[in-house]
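Q: After the sequence you'll find the predicted model.
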Amino acid sequence: MAVKLTPVVIALTMLLLAGCGKSVDPNQPAGFVQIKGSDTIVNAVQKVSEEFMKDYPYVFVAVTGGGTGVGIASLISKTCDVASASREMKPKEIQIANKRGVFPEEFVVAYDGIAVIVNKDNPVHKLTIGDLHKIFTGKTTNWKEFGGKDLRIVTLSREVSSGTHMYFKEEVIQLGQKNSTEEFSAQTLLLTSSQAIVEEVVTNETAIGYLGMGYLSERIKALLLAKDEQFYLPDVENVIKKTYPLSRPLYLYTDGQPKGATKLFIDFALSPKGQQQFKETGFVPVGATVAQKDQ
Amino acid sequence: MHRRISEYVVESLIKLSGLLVIILIFLLFLFLLKDSLSLFGIYPLGKFLFGMHWLPISEPPRFGVVPLFLGSLYVTVGAIIICVPVGIASAMFIAEVAPKSLKHVLKSLVEILASIPSVVLGFIGIIWLGPALRNALGLTTGMCGLTGSLLLAFMALPTIITIAEDALVSVPRSYKEAAFGLGATRWQTLWRVILPSASSGIIAGVMLGIGRVIGETMVAMMVTGNSPVVPKSILAPLRTLTATIAGEMGEAVSGSEHYFALFAVGLVLFVITFIINFIADAFLRRARK
């Protein structure tokens, strides 16, 4: 048996090695960039990296999601080059990073609105932040209160590793007050991805969830939101004008000033070509002035 | 002489493999214990074991394992109630009742069942089973303990059926012949003679099935809703021990309080499976006597 297998093993080894043998043009940059983090922008970052690899064929970029927390944890433990994030790093995280010799550098790459979504059969089409607070903390549990049907509300959230979860908690659950001790209602379902929230909302008339604007589609209904009186739809225009109450920047983090292939990638993401990819995936590109300031 | 040396080498290698298993389990336990103990330096043990709230990213964080433990318990008990009778009945049918041609088909189908990836079952749970249960039982959401129990029962079935069937088949032919000789019917023989004499093997299969259910992560994480609440019933959303570790490990910075808390959850899980195996072993020994 061993004798028979030998040619197969040799062939397989050669196949495996074939990829490594790719000749590198010495005049072109080469390298490997590992990006981990936010689920919200994973599709956008993936598109940016595809375009990037067309321009720099010898730089390989790998993109994975999992949530902002995952990206930041990986950056701190040095298992990725770039962490994508849908929230700022917490002072506590920066402190832990510094202790381990990692000095995070922040780049704002796009802006995003957090859409609150319900089933298409739900007659409710607008809520205030105060209403959302009551719903997600479990103080109000029936759609009747907001002009809907007499049905119990099912609240959906992302897992605690999600930056969107953190942002939503700060802005809606704690209403922007840092020392607030309010929590998500314990009944809240914690789902592992934005897509899982979409699926539950599509099939469940009583569900309400939140996600990045990039995940909006025909299958679900985004609510109009208001901080005070005026209601706004989560769209690019309202996020740029900052009239939509739940909008936030999206970040890329590197360990120290980026160098080599990582620097090329960050520069590309902030270039008009890179920004175009964010726009196409449903996010709001940063203005040219902001991009320059960050560099 | 040559043969003696080779025999000695083989014998020592086998001894070494046996020892290796013991050492590995011991090291695993030590490893879990070390990181869990780091938690109890900063977070009181009593609050961990009896705390009713799991709020890992709040300020200050709370790591109460009770809701997670109950979540795992509900899902597991639900799955056992469903899969044990069905599994043993299927095994009895395949081993004793089914005609030969059907037997082969069923056996290979059970094997195929075993090879379905858990993530696929989870997907079916989200898209189809959850909404179907919600409509059928009038629940507010289909992401609940029962959905998890049903899918996990489905995952444990092949293990239980295969091992129980093996146990039933290996009951000596003479037992059956003696029963028939005494005028017992086919049902009486199966129920009163074959089943009791195969009981130790069947219990082993059931215990392995339970082990599979309690340790399964993907399905639990995808379909049970993951609400860290003390579950009122199996029809409510709940969060299991395994799903908590899988869902939160990625974001817990190694060396943080949260990270150690997840190790402590792992230790709880390890202790539970250890107890289950211990009970199974005791049963097996009693059955042999």
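A: Ah, there it is.

Q: Which residue, neighbours along the chain excluded, lies closest to A:Leu211?
A: Leaving aside its sequence neighbours, A:Leu211 sits nearest to A:Ser194 (Cβ to Cβ, 6 or more residues apart in numbering or on different chains; 4.4 Å). For every residue, glycine as well, the C-beta is placed using N, CA and C.

Q: Enumerate the residues of the stretch 51-200 of chain A near chain B.
A: Counting by Cβ under 8 Å from any Cβ of the partner chain, the residues of the stretch 51-200 of chain A close to chain B are A:66-70, A:72-73, A:76-77, A:93, A:96, A:151-152, A:154, A:159-161, A:166, A:181, A:183, A:186-192, A:196, A:199-200.

Q: so the residue of the stretch 1-150 of chain A found nearest chain B is in which element?
A: Per Cβ to the nearest Cβ, A:Gly69 is where the stretch 1-150 of chain A lies closest to chain B, at 2.5 Å. Using DSSP states H and E, A:Gly69 sits in helix A:68-76.

Q: what's in contact with that helix?
A: Helix A:68-76 is contacted from outside by A:35-40, A:80, A:82-87, A:89, A:93, A:96-97, A:100, A:102, A:104, A:160-164, A:166, A:253-255, B:250-254, using Cβ atoms under 8 Å, 6 or more residues apart in numbering or on different chains.

Q: Whichever of these end up buried, select them in ChimeraX.
A: In ChimeraX, this line selects whichever of these come out buried by 16 or more other Cβ atoms under 10 Å in any protein chain shown:
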select /A:35,36,37,38,39,40,80,82,83,84,85,86,87,89,93,96,97,102,104,160,161,162,163,164,166,253,254,255 /B:250,251,252,253
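
Q: So which of the contacts of helix A:68-76 are in strands?
A: A:35-37, A:82-85, A:104, A:253-255 (DSSP state E).

Q: The residue nearest in space to the middle of chain A: what's it in contact with?
A: In chain A, the residue lying closest to the centroid (Cα atoms, centre = their mean) is A:Thr40, at 2.3 Å. Taking Cβ under 8 Å, 6+ apart, we find A:Thr40 in contact with A:68, A:86, A:112, A:162-164, A:194, A:211-212, A:214-215, A:250.

Q: Now it, what are its backbone angles?
A: phi -60, psi -50 (degrees, to the nearest 10).

Q: What does the pLDDT read for it?
A: The per-residue pLDDT reported for A:Thr40 equals 84.

Q: Grab the nearest non-local neighbour of it.
A: A:Gly212 (3.7 Å).

Q: same check, this time on A:Glu93
A: A:Ile72 (5.7 Å).

Q: so, in contact with chain A or not, stretch B:27-46?
A: No - applying Cβ under 8 Å from any Cβ, one finds stretch B:27-46 out of contact with chain A, separated by at least 14.1 Å.

Q: again, but for stretch B:125-141
A: Yes - counting by Cβ under 8 Å from any Cβ, chain A has neighbours in stretch B:125-141: B:126-127, B:130-131, B:134, B:140-141.

Q: From these, keep the buried residues only.
A: B:126, B:130-131, B:134, B:140-141.

Q: want to throw those into a markdown table with secondary structure and pLDDT?
A: Shown next, in a markdown table, are these (DSSP: H, G, I helix; E, B strand; the rest coil; pLDDT from 0 to 100):
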| residue | secondary structure | pLDDT |
| --- | --- | --- |
| B:Ile126 | helix | 89 |
| B:Gly130 | helix | 90 |
| B:Pro131 | helix | 90 |
| B:Arg134 | helix | 90 |
| B:Thr140 | coil | 84 |
| B:Thr141 | coil | 86 |
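
Q: which element is B:Ser200 on?
A: helix B:199-215.

Q: With A:Val198 as the reference, measure out to the residue of chain B found nearest chain A.
A: Of all residues in chain B, B:Glu251 sits closest to chain A, at 2.5 Å by Cβ to the nearest Cβ. Applying Cβ to Cβ, to the nearest Å, the value for B:Glu251 to A:Val198 is 22 Å.

Q: what's the answer for A:Val109, then?
A: For A:Val109 relative to A:Val198 (Cβ to Cβ), the value is 24 Å.

Q: what about these two, which has more around it?
A: Under the criterion of other Cβ atoms under 10 Å in any protein chain shown, the comparison of A:Val109 against A:Val198 puts A:Val109 first, with 26 against 20.

Q: Spell out the residue ranges of the helices in the stretch 51-200 of chain A.
A: A:68-76, A:91-99, A:129-137, A:163-168, A:194-203 (DSSP state H, counting those that start in this stretch).

Q: Buried deepest among the ones you listed, which one?
A: Stretch with highest mean neighbour count among those: helix A:68-76 (a mean of 28; mean count of other Cβ atoms under 10 Å in any protein chain shown).

Q: Which residues of the stretch 1-150 of chain B lie near chain A?
A: So the stretch 1-150 of chain B meets chain A at B:53, B:55-58, B:67, B:126-127, B:130-131, B:134, B:140-143 (Cβ under 8 Å from any Cβ).

Q: if you set the cut-off to 10 Å instead, what comes out?
A: Residues of the stretch 1-150 of chain B found near chain A (Cβ under 10 Å from any Cβ of the partner chain) are B:52-60, B:62, B:67, B:122-123, B:126-128, B:130-132, B:134-135, B:139-144.
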